[in-house]
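**Student:** sequence first, then the predicted structure, then my questions.
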Amino acid sequence: MKDNKITAFFIVGILLRITIVLVSLYMIDWYINSHIVSFGSIVGVAFFGFIALFAVLFPLIKRLFVKMWKNKAGKVVLAALGVLAAAFVVFVGAAFVMMGYGAGVMPEKDATVVVLGCQVRGNEPSLMLKTRLDTAYSYLCENPDAKCILSGGKGSGENISEAQCMYDYLTEKGISADRLYKEDRSVNTEENIKFSEEIIAAEGLNADLAIVTDWYHEMRASIIAKKQGYSSGAVSSPVPHFLEANLVTREIFALGNEIFFSPTWRSASGA
């Protein structure tokens, strides 16, 4: 009976390790298929590569851990590694919960729409920017009284500003030009909100915001808006599946940086 239990545990362990390796390889393939070398893809490939290697070498690692546990220094190291691993899991889980929550916050009625810019290829919107614009178009059609700020400056390799590209796209689709305001100086999310604030004040627009961006980005955008004194809701655009793992991984760390290391956020929260 005891031998049967040992055999069953051994088989379950093997199957679990194989499953972990296969899931890790799937995730690595997902990052690679984004065809983008960035912080998100590098971290993702490295992390899941480590997980796969850990699963393959687990019997050797287990023996090493048992040896280390037999002395005081080894126990301290293992305890520290355990705490760090647990903290990382909690951090990633909390980030996912926050991102999901941020994407689900409904904007107030007749809120001012702020479309956050993204890359322009020459004169045309990139795939990511086009999904945001299509989302903004649908929202503006459903809310005919809403005004809209198009926020994004001109970056490297762009013939026109992101704001101008968005303006051209939406007016060509039939959105009236008198509903659109161009903010063409910003280069990041914080500046998107800050410079849009100037337009809101100058034009007397509703100070409640409806932020159009990718679902995972909504939470960080709302935090930035809040620290600048604005309440906001989410008008989330879909993300192409092949890019999602890469971009969400990058956003997890960007969100953590915004919460823990942004001086303006600490100031707004009273720290």
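**Tutor:** Okay, I see it. Values in this document were obtained by computation on a predicted structure and should not be read as measured data.
**Student:** going forward, measure contacts between C-alpha atoms and count neighbours the same way
**Tutor:** OK.
**Student:** tell me how far Lys109 lies from Ser232.
**Tutor:** 11 Å (Cα to Cα, to the nearest Å).
**Student:** next: Cys148.
**Tutor:** Cys148 sits 14 Å away from Ser232, going by Cα to Cα.
**Student:** quick revisit: among Lys109 and Ser232, which residue is more densely surrounded?
**Tutor:** The neighbour count for Lys109 versus Ser232, taken as other Cα atoms under 10 Å, is higher for Ser232 (28 against 14).
**Student:** disregarding flanking residues, what is the spatial nearest neighbour of the more buried one?
**Tutor:** Leu209 (4.4 Å; Cα to Cα, 6 or more residues apart in numbering).
**Student:** output the below-cut-off pLDDT ranges for the chain.
**Tutor:** Regions of the chain meeting the criterion pLDDT under 70 cover residues 1-6, 263-271.
**Student:** now the strands for it?
**Tutor:** In the chain, the strands defined using DSSP state E lie at 112-116, 120-121, 124-125, 148-151, 180-183, 209-214, 232-237.
**Student:** which neighbours does the fifth one have in its sheet, and in what orientation?
**Tutor:** So that's strand 180-183. Using DSSP bridges, the strands paired with strand 180-183 in its sheet are strand 148-151 (parallel).
**Student:** you'd agree Glu158 is up against Ser126?
**Tutor:** No: counting by Cα atoms under 8 Å, Glu158 does not reach Ser126; the two are 10.6 Å apart.
**Student:** who's more crowded, those two?
**Tutor:** The residue with more neighbours, out of Glu158 and Ser126, is Glu158; 17 against 14, by other Cα under 10 Å.
**Student:** hey, where'd the helices end up in the stretch 101-250 of the chain?
**Tutor:** Assigned by DSSP state H, counting those that start in this stretch, the helices in the stretch 101-250 of the chain fall at 127-142, 162-172, 189-203, 218-227, 241-260.
**Student:** let's see the longest one as CSV, backbone CA atoms only.
**Tutor:** Extracted C-alpha coordinates of helix 241-260, given in CSV (Å, rounded to 0.1, in the frame of the first residue of the first chain):
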residue,chain,number,x,y,z
HIS,A,241,-4.2,38.6,-28.7
PHE,A,242,-0.7,38.2,-30.0
LEU,A,243,0.4,41.4,-28.2
GLU,A,244,-1.5,41.0,-25.0
ALA,A,245,1.0,38.9,-22.9
ASN,A,246,3.9,41.3,-23.8
LEU,A,247,1.9,44.5,-23.1
VAL,A,248,0.2,43.3,-19.9
THR,A,249,3.6,42.1,-18.4
ARG,A,250,5.1,45.5,-19.0
GLU,A,251,2.0,47.2,-17.5
ILE,A,252,2.2,45.2,-14.3
PHE,A,253,5.6,46.8,-13.6
ALA,A,254,4.5,50.2,-14.8
LEU,A,255,1.5,50.1,-12.5
GLY,A,256,3.7,49.1,-9.6
ASN,A,257,6.1,52.0,-10.3
GLU,A,258,3.1,54.4,-10.5
ILE,A,259,1.8,53.3,-7.1
PHE,A,260,5.0,52.9,-5.1
